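Asker: pasting the structure only:
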């Protein structure tokens with residue numbers, strides 16, 4: 001009986017260590033949030049423009065985000081083609097919107113928000129009427145602070 005208790009205690013200790021180790025992999029920053037709200041992990045280099053100047057595209061991959069913004073880019077042809085997919089638990093769609101760089105910050109481009117379903121399928125939209133001389137950025141987000149978004153986008157028609 002004593003041996004069974006020792007084995008059970010060892011198994012519980014191993015399980016506690018495994019749970020603790022898995023918690024280390026997900027960094028949660030609770031200092032600026034409510035107790036039941038989860039903060040996303042910060043990631044860098046999540047959206048990098050391709051180095052092919054003939055292609056003029058931006059490839060983005062997001063893994064466990066609530067929202068992200070790209071760096072600024074120009075749109076020489078005046079329109080963007082965005083192909084995207086995504087998955088998320090607890091939400092049915094995410095949104096992509098365009099913001100124009102202005103003195104002192106950024107201004108939302110009217111009618112530039114498009115919604116992509118989070119069913120893992122590819123969806124495409126075209127945003128046109130953009131000024132080739134202006135600088136823009138994309139914002140990817142969805143209306144939830146409890147779940148994470150996973151997916152990717154390909155944005156065509158840009159220049160660095």
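Answerer: Structure's in. What do you need? Keep in mind that this is a model prediction, so the values were computed, not measured.

Asker: how about the helices in the protein?
Answerer: 2-25 (DSSP state H).

Asker: in it, which ranges drop under the pLDDT threshold?
Answerer: Counting by pLDDT under 70, the ranges of the chain that qualify are 1-55, 91, 144-145, 160.

Asker: neighbours around the closest residue to residue 73 other than its chain neighbours, how many?
Answerer: Excluding the flanking residues, the one nearest residue 73 by CB to CB, 6 or more residues apart in numbering is residue 158, at 4.3 Å. Yep, even glycine has a C-beta here, placed from its N, CA and C like the rest. Around residue 158 there are 22 other residues, counting by other CB atoms under 10 Å.

Asker: I figured residue 158 was touching residue 79, is that so?
Answerer: No - using CB atoms under 8 Å, residue 158 is not in contact with residue 79, being 10.3 Å away.

Asker: and for those two, which residues touch both?
Answerer: The overlap between the contact sets of residue 158 and residue 79 (CB atoms under 8 Å, 6 or more residues apart in numbering) is empty.

Asker: what residues are up against the residue lying closest to residue 98 once chain neighbours are set aside?
Answerer: Spatial nearest neighbour of residue 98, excluding adjacent residues (CB to CB, 6+ apart): residue 112 at 3.8 Å. By CB under 8 Å, 6+ apart, the residues touching residue 112 are 97-98, 127.
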